[in-house]
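S.K.: predicted model and sequence below, questions to follow.
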Amino acid sequence: MKNRIKFLSRSIKARLEDEEGAVSVDWVVLTAAIVGVAAGTASTISGAISTLGGSVGTELTDKTVENGD
């Protein structure tokens, strides 16, 4: 029984000390942060972009273009 407990404790300790995959976790966290910042930025400026697009559309609709005839 004692040998089994020692084996389990060594196995658990080895898994806790293993750093393989830590870089992957870092990349996932950083990517999620970047996506979150991008989504926040997009939602913040979406109203202004919509207003600007409407203004440009109105200006273009009101203009006349001469074809040179």
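M.R.: That came in fine, so what should we check first? Numbers count the residues shown, from 1 in each chain.
S.K.: please report how far residue 11 lies from residue 52.
M.R.: The gap separating residue 11 from residue 52 is 61 Å, by C-beta to C-beta, to the nearest Å. The way it works is simple: take the backbone N, C-alpha and C, and place the C-beta from them, glycine included.
S.K.: could I get the pLDDT score of residue 64?
M.R.: Residue 64 carries a pLDDT score of 85 in this model.
S.K.: secondary structure element for it, which one?
M.R.: Here residue 64 sits in a region with no helix or strand, counting by DSSP states H and E.
S.K.: what's the answer for residue 10, then?
M.R.: Assigned by DSSP H and E, residue 10 belongs to helix 2-17.
S.K.: also residue 55?
M.R.: According to DSSP H and E, residue 55 maps onto helix 22-62.
S.K.: how far is that helix from where the chain is centred?
M.R.: 11 Å (C-alpha atoms, centre = their mean, to the nearest Å).
S.K.: likewise for stretch 4-15?
M.R.: Per C-alpha atoms, centre = their mean, the centroid offset for stretch 4-15 relative to its chain is 38 Å.
S.K.: returning to what we had before: just checking, what packs against the helix holding residue 55?
M.R.: Of the remaining helices and strands, none touches helix 22-62 by 3 or more C-beta pairs under 8 Å, 6 or more residues apart in numbering; DSSP states H and E.
S.K.: point out where this protein drops to low pLDDT.
M.R.: Scanning the chain for pLDDT under 70 picks out the ranges 18-19, 69.
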